[in-house]
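> sequence first, then the predicted structure, then my questions.
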Amino acid sequence: MNEVPGSENGVGQSSTPTSASVPGWERAVLEKLAFAALEEQRAARRWKIINRLITLGLLLGLAWLIFGMGQGTGAPSQRHTALVEIKGEIASESEASADLVVSAVRAAFEDRGAQAVVLLINSPGGSPVQAGIINDEIRRLKAQHNKPVYAVVQEACASAAYYIAVSADRIYVDKASIVGSIGVLMDGFGFTGLMEKLGVERRLMTAGENKGFLDPFSPQTERQRAFAQAMLDQIHKQFIDVVKTGRGKRLKETPDMFSGLFWTGQQAVDLGLADQLGNLDYVAREVVQAEHIVDYTRHPNVAERLVKRFGAAIGEGSVQAVRGAPVWR
């Protein structure tokens, strides 16, 4: 057994070799091994980054093939009917968000080849705020560009979706479409009785006596209920005013018209909530008299989600290319 220099009878012997105890050739081997391991780790990290970039590039390319094929290099100049779909829940993060719908509608109005804008609606409703933004912008663009707007209802055009539809000059429905639901709701649950039975005590601390009045585990006072109801009534009145402004004398008001009820498409025509039966092709062919339909609908796409996820500035140009141009339909 080798002894550490300066020790006696092995006293002070180290179990781990140090630079002082390892001969020169052994130290060189250990250093080479250490540097080799470090370089291997660096190479692995580099390849990991490269693989991620390659994957991102492939996904962006796939997104371009999916969303970019068939898109024109510029705005179509041929006479056509501009289409904007409003599908699903109307909410800030949905495909029917005000951001996406307004962007699509604006592009449709600005295209000189578009003879009219058709809103193809299939939605149960959603946010009154998002619907109000869309309604206001459509009315502004109509006045600015002097182009007609037509709403075509598929299965449903209820609540916030109908709020948007009344911005159109005419509303076309299928006889079995669901139309209306002119009302506002605020829902929730109350668990106070159940908590008492279970012996559970709610400990909620607030600064402001009404700060927690929507808390489902706290009792609701009559004053809080009246406050919430007044707020709903005000939003409901805004909805009614928008419907009356959009439909005008065509409405045949009944006591139930603004109660939140909904009707079939045929009933909606009879009540003046819609104008007549018709689908997208009929409106493009007979009303707009431009059978070519160009889809301006904006969709959240794969490339955009990837760019957000990776935070890659290099992907911004690809996102604009993917989402920018209308598509012939």
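Nice, thanks for sending it over. Residues are numbered from 1 along each chain as shown.
> just give the number of residues close to the residue nearest to Tyr282 when sequence neighbours are not counted.
Nearest residue to Tyr282 in three dimensions, chain neighbours excluded: Tyr172, at 7.3 Å (Cβ to Cβ, 6 or more residues apart in numbering). Placement of C-beta: from N, CA and C, glycine included. A count of neighbours around Tyr172, defined by other Cβ atoms under 10 Å, yields 24.
> against Asn279, how distant is Tyr172?
Applying Cβ to Cβ, to the nearest Å, the value for Tyr172 to Asn279 is 7 Å.
> what do these two both touch?
Both Tyr172 and Asn279 are contacted by Val152, under the criterion Cβ atoms under 8 Å, 6 or more residues apart in numbering.
> about what we covered before: the residue nearest to Tyr282 and Gln154 touch, don't they?
No - using Cβ atoms under 8 Å, Tyr172 is not in contact with Gln154; the gap is 10.3 Å.
> contacting residues for Ser167?
Taking Cβ under 8 Å, 6+ apart, one finds 134-135, 138-139, 142, 149, 151, 246 in contact with Ser167.
> export those to a markdown table and tack on secondary structure?
Shown next, in a markdown table, are these (DSSP: H, G, I helix; E, B strand; the rest coil):
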| residue | secondary structure |
| --- | --- |
| Ile134 | helix |
| Asn135 | helix |
| Ile138 | helix |
| Arg139 | helix |
| Lys142 | helix |
| Val149 | strand |
| Ala151 | strand |
| Gly246 | helix |
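> would you convert those into TSV that also reports neighbour count and pLDDT?
Formatted as TSV, the contacts of Ser167 follow (neighbours: other Cβ atoms under 10 Å; pLDDT from 0 to 100):
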residue	neighbour count	pLDDT
Ile134	27	97
Asn135	22	97
Ile138	26	97
Arg139	17	96
Lys142	18	94
Val149	23	97
Ala151	28	97
Gly246	22	94
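> would CSV of those residues with distance to Leu261 be doable?
Shown next, in CSV, are the contacts of Ser167 (distance: Cβ to Cβ, whole Å):
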residue, distance to Leu261
Ile134, 23
Asn135, 21
Ile138, 25
Arg139, 26
Lys142, 29
Val149, 26
Ala151, 20
Gly246, 19
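> on that earlier part again, would you double-check that the residue nearest to Tyr282 falls in a helix?
No - going by three-state DSSP, the assignment for Tyr172 is strand, not a helix.
> what bridges to it?
Val152, Gln276 (DSSP bridges).
> ok, Gly180 next?
Beta bridges link Gly180 to Ala158, Phe262 when assigned by DSSP bridges.
> now the strands for the stretch 201-329 of the chain?
Ranges of strands in the stretch 201-329 of the chain, per DSSP state E, counting those that start in this stretch, are 262-264, 276-277, 293-295, 327-328.
> and the next helix or strand past whichever strand or helix holds Leu38?
Using DSSP states H and E, Leu38 sits in helix 24-68. On the C-terminal side of helix 24-68, the closest following helix or strand by DSSP H and E is strand 80-87.
> which one of the contacts of Ser167 sits closest to Gln229?
Minimum distance to Gln229 across the contacts of Ser167 is 24.4 Å, recorded for Asn135 (Cβ to Cβ).
> wait, isn't that closest one in contact with Ala160?
No - counting by Cβ under 8 Å, Asn135 does not reach Ala160; the two are 9.4 Å apart.
> so where is this protein shaky, pLDDT-wise?
The model of the chain has pLDDT under 70 over residues 1-23, 63-77, 187-196, 198, 201-204, 212, 215, 217, 301-329.
> try 80 this time
By pLDDT under 80, the weakly predicted segments of the chain are 1-43, 45-46, 51, 56-77, 185-221, 224, 300-329.
> straight-line length of stretch 211-223, end to end?
Terminal residues of stretch 211-223 are spaced 13 Å apart (Cα to Cα, to the nearest Å).
> and stretch 84-101, by the same measure?
In stretch 84-101, first residue to last residue: 7 Å (Cα to Cα).
> what of stretch 214-221?
OK, stretch 214-221 end separation, Cα to Cα: 10 Å.
> was I right to think Asp169 contacts Lys147?
No - contact between Asp169 and Lys147 fails when scored by Cβ under 8 Å: they sit 9.6 Å apart.
> out of those two, which sits in the more crowded spot?
Between Asp169 and Lys147, Lys147 has the larger neighbour count (other Cβ under 10 Å), namely 18 against 15.
> where does that one fall, secondary structure wise?
With DSSP H and E as criterion, Lys147 is part of no helix or strand.
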